[in-house]
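> output the structure for:
(one chain, ligands or ions: 2)
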Amino acid sequence: MAATAVVLAAALGGGLLLIARRFWAAAGKAKRSVAAAAAAGQMEGKTVIITGANSGLGRAAAAELLRQHARVIMACRDRGRAEEAARELRAELGLCSRGGGECRGELLVRELDLASLRSVRSFCQQVLQEEPRLDVLINNAGIFQCPYMKTEDGFEMQFGVNHLGHFLLTNLLLGLLKSSAPSRIVVVSSKLYKYGEINFDDLNSELSYNKSFAYSRSKLANILFTRELARRLESTGVTINVLHPGIVRTNLGRHIHIPLLARPLFTLVSWAFFKSPLEGAQTSIYLASSPEVEGVSGKYFGDCKEEQLLPKGTDDLVARKLWDISEVMVGLLK
Ligand SMILES: NC(=O)c1ccc[n+]([C@@H]2O[C@H](COP(=O)([O-])OP(=O)(O)OC[C@H]3O[C@@H](n4cnc5c(N)ncnc54)[C@H](OP(=O)(O)O)[C@@H]3O)[C@@H](O)[C@H]2O)c1
Ligand SMILES: *[C@@H]1O[C@H](CO)[C@@H](O)[C@H](O)[C@H]1NC(C)=O
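Numbering: from 1, shown residues only. Ligands and ions are numbered 1, 2, ... in the order given. Okay, here's the model as predicted:
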């Protein structure tokens, strides 16, 4: 009886603390959105592609850049899910379904499955045919700790989607980004890169598969890709930066099994301690649109500030070798 009371009191106290913390965070968020409002309209006339824009961080970034009047292309693998997200976003923001008149900001859906090089190529072909310019590319889509799976082209899924798909996508769009310069590439990585390593002897995890390692490896690849491409893009007017968003309440954990009984607790913890998608997307939005980072390239950001990388994130020899191998893997070089 007494024990139950203690547990109840502890739960109640904890709950109140969490609620207090949430109010605190909400107050901070209100301040930030005032800052964002000042920048409304600053993406007028700019075209932005966001991969994985139907969910989580990508969806939040799409909403904010639309508020800044960008033309946003949602590059998504499932047309149904993407059209639904687009409908919701248009309603939320009061956008017209067709541009023109009083309507500012424009939202388009295009199919892109990063687990298929064929799909990446046809997506880019359509963009190159239809879009006269491209100001920002946000490589945001990602898959996290899935069971062992292969992409259409036989790559380990996390390396294939998070790194190789985006590698080909970016390379095929580089010409358009250059002709639209000054333009920007934003890459969404993760702090978990620190547990990864580019093990060139088994990039497809055929010898052994560890889903945490494979995720970390793909996120380290995002960082090395950014640094190598920044070097190649010097003096082109195209910048590329990489970020970690923090821990954010999104659908990323879909492959993680949480026992039924632990789910309410997990929901409570994530509600109290994880960032909301809009909070998590702040650094992506900042790197995509802020005048403060005009001309900045090859850097790693968190919470809208530059951060230092571990030596494995700045190994330029590994970055170069990864670039060369990736070119062969995606068929850019035979
Ligand atoms: N959430 C976090 O705490 C956290 C922390 C660090 C880094 N990140 C990074 O943040 C990025 C965004 O993730 P999120 O948290 O917003 O997760 P999310 O809600 O699961 O969104 C991921 C997006 O990627 C898309 N995607 C997955 N596989 C794809 C494929 N083969 N082709 C095209 N799109 C694909 C998903 O499409 P579907 O909806 O169709 O599946 C979805 O739109 C990821 O790169 C992730 O690594 C997130
Ligand atoms: C899997 O990889 C993670 C991250 O690199 C590591 O911490 C863990 O020990 C590995 N697990 C096994 C079973 O090797």
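> what strand or helix carries the residue lying closest to Leu172 once chain neighbours are set aside?
Spatially, and ignoring its direct neighbours in sequence, Leu172 is nearest to Cys124 (3.9 Å; Cβ to Cβ, 6 or more residues apart in numbering). The way it works is simple: take the backbone N, C-alpha and C, and place the C-beta from them, glycine included. Using DSSP states H and E, Cys124 sits within helix 117-130.
> and Leu137, by the same measure?
strand 136-139.
> again with Leu309
Per DSSP H and E, there is no helix or strand for Leu309.
> ok, it - contacts?
Ile223, Tyr300 (Cβ atoms under 8 Å, 6 or more residues apart in numbering).
> ok so, going back, the residue nearest to Leu172: neighbour count?
21 (other Cβ atoms under 10 Å).
> wait, isn't Ser180 in contact with Arg133?
Yes - Ser180 sits in contact with Arg133 when judged by Cβ atoms under 8 Å, with a separation of 4.1 Å.
> quick one on the thing from earlier: and the helix holding Cys124, what does it pack against?
strand 106-111, helix 166-179 (3 or more Cβ pairs under 8 Å, 6 or more residues apart in numbering; DSSP states H and E).
> quick one on the thing from earlier: Ser180 and Arg133: who's more crowded?
Ser180 (20 against 14).
> what are the contacting residues of stretch 170-178?
Contacts of stretch 170-178 (Cβ under 8 Å, 6+ apart): 49, 120-121, 124, 127-128, 131, 133-134, 137, 139, 183, 185, 225, 229, 236-238, 327, 330, 332.
> buried subset of those as a PyMOL selection?
Here is the PyMOL selection string for the buried members of the contacts of stretch 170-178, based on 16 or more other Cβ atoms under 10 Å:
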select buried, resi 49+120+124+127+131+134+137+139+183+185+225+229+238+330
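> list, out of the contacts of stretch 170-178, those positioned next to ligand 1.
The subset of these within reach of ligand 1, counting by Cβ under 6 Å from any ligand atom, is empty.
> hang on, isn't the residue nearest to Leu172 packed against Gly165?
No - in this structure, Cys124 is not within contact of Gly165 by Cβ under 8 Å, at 11.3 Å.
> can you map out the strands along the chain?
Here the chain has its strands, by DSSP state E, at 47-51, 71-76, 106-111, 136-139, 183-188, 238-244, 300-302, 305-306.
> quick check: mean pLDDT across the longest one?
Predicted confidence along strand 238-244 averages 98 (mean pLDDT).
> go through that strand and flag the buried ones.
Val238, Thr239, Ile240, Asn241, Val242, Leu243, His244.
> from the residues you listed, which single one is nearest ligand 2?
His244 (16.3 Å; Cβ to the nearest ligand atom).
> thought the closest one was touching Lys194?
No - His244 is beyond contact range of Lys194, at 10.1 Å (criterion: Cβ under 8 Å).
> hmm, back to that, let's have the strands of the chain in CSV, adding distance to Asn199.
Below are the strands of the chain laid out as CSV (distance: least, Cβ to Cβ, whole Å):
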stretch, distance to Asn199
strand 47-51, 25
strand 71-76, 29
strand 106-111, 32
strand 136-139, 22
strand 183-188, 21
strand 238-244, 21
strand 300-302, 22
strand 305-306, 28
